[in-house]
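Participant: after the sequence you'll find the predicted model.
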Amino acid sequence: MSFRKILLSAALFTATAVFAADLPAVKILATGGTIAGTAASNTQTTGYKAGDLGIQTLIEAVPAMKDYADVSGEQIVKISSNNMDTKTLLKLAKRVNELLADPKTDGIVITHGTDTLEETAYFLNLVAKSDKPVILVGAMRPATAISADGPMNLLEAVRVAASKEAKGKGVMIVMNDEINGARDVTKTNTTNVSTFKSPELGALGYISGGKIRFYKESTKRHTVNSEFDVSKLDTLPRVDIIYSHIDDDPVMAEAALKAGAKGIVHAGTGNGSIADPTFEALKKAAANGTVVVRSARVPNGATTVSVPKYTEAGLLESDTLNPQKARLLLQLALTKTSDPKEIQIMFDEY
């Protein structure tokens, strides 16, 4: 190679290094899921192997990310998110906080299966100790599928994580060109790529026309304003969800108590209504120190104070949190107190 070519190569390398140094540093933490899934054919969109691909493969598949951020990856686990558990959730949360505390990290993206994505997002919204962007992203089609949605979702998640506009808005889910807040978003369709929606309160923003557009933000406490700390926790109190239905009876409530539940979330009909036989079991549980929260199986609306006997029995209300998110908040609340009045304040504020 000529001396001139050597100088040119050195100049290009230096320019590239300087450009990378000027970009925000975004760490991608991989947990598996459909976004890393593979199937036997490119038309197979169900029954695939979730979490099959490693984080480096996902990064290499979307080179355009490097135009927006200095990206690096780390594999936390490789699971289908229906198998997410407390041990993994705490491991992820602690690693997120370690990275957020590092001044060299500007934002975090977490690849995750969609089955429990909203739960992990809300948990992190309650325990992440930074106003830096934390973005969760997944896919509804495996990486091997025709028109796989994962690559574009990942690119847009990195772009949002690298943006100054995302700072201070809490943990978010970025998929299908939408930016949704962790508290209000839920999975609404079993297979459609536009599954994640905030049905009643709406998305925080969009990625459209090549631009990140925020229109609002949550008024609820989260991240740096949250009182919850998991840094020294290895487990969480047991909280079970009981789903209401015709012919409901106290069997499930009694089973939860026998299993050692410190809290119960009741996914009631209507405005958190409870069948009389189940209510008697929950009333007794509350009297004996188990914290019982009324939520609803109805997808929209707040669960509020309604029938006087529920309040008199000491049952709490979940506001607009769905049962699965109410469970997470109750678990964290129980690490701080077992006083129902204090826990109700938490449900009102978070």
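Facilitator: That came in fine, so what should we check first?
Participant: rest of the way, CA atoms for contacts and neighbours
Facilitator: Fine.
Participant: Glu178 touches Gly202, doesn't it?
Facilitator: No - counting by C-alpha atoms under 8 Å, Glu178 stays clear of Gly202, with 10.1 Å between them.
Participant: higher neighbour count, those two?
Facilitator: In this comparison of Glu178 against Gly202, neighbours counted by other C-alpha atoms under 10 Å, the higher total goes to Glu178 at 24 against 14.
Participant: tell me the contacts of the residue lying closest to that one once chain neighbours are set aside?
Facilitator: Once its chain neighbours are removed from consideration, Glu178 has its nearest residue in Tyr206; the separation is 4.5 Å (C-alpha to C-alpha, 6 or more residues apart in numbering). Contacts of Tyr206 were listed using C-alpha atoms under 8 Å, 6 or more residues apart in numbering, and they are Asp177, Glu178, Ile179, Ile212, Arg213, Phe214.
Participant: contacting residues around the second one?
Facilitator: Spelled out, it's Glu178. Residues in contact with Glu178, defined by C-alpha under 8 Å, 6+ apart, are Ala203, Leu204, Gly205, Tyr206, Ile207.
Participant: what about 7 Å?
Facilitator: The contact partners of Glu178, taken as C-alpha atoms under 7 Å, 6 or more residues apart in numbering, are Ala203, Gly205, Tyr206, Ile207.
Participant: same question for the first one.
Facilitator: For Asp177, the residues meeting the contact criterion (C-alpha under 7 Å, 6+ apart) are Tyr206, Ile207, Ser208.
Participant: quick one: pLDDT of it?
Facilitator: As summarised for this prediction, Asp177 has a pLDDT of 98.
Participant: assign Val293 to helix, strand or coil.
Facilitator: Using DSSP: H, G, I helix; E, B strand; the rest coil, the structure places Val293 in strand.
Participant: count of residues packed around it?
Facilitator: Other residues lying near Val293 total 30 when counted by other C-alpha under 10 Å.
Participant: repeat that for the one 4 residues further on.
Facilitator: Residue crowding around Arg297 was assessed by other C-alpha under 10 Å; the count is 19.
Participant: mind checking pLDDT for Met1?
Facilitator: The confidence metric pLDDT takes the value 50 at Met1.
Participant: quick one: buried ones out of the contacts of Glu178?
Facilitator: Taking 16 or more other C-alpha atoms under 10 Å as the criterion, what is buried in these is Ala203, Gly205, Tyr206, Ile207.
Participant: give me the element Met252 is part of.
Facilitator: Using DSSP states H and E, the element containing Met252 is helix 251-258.
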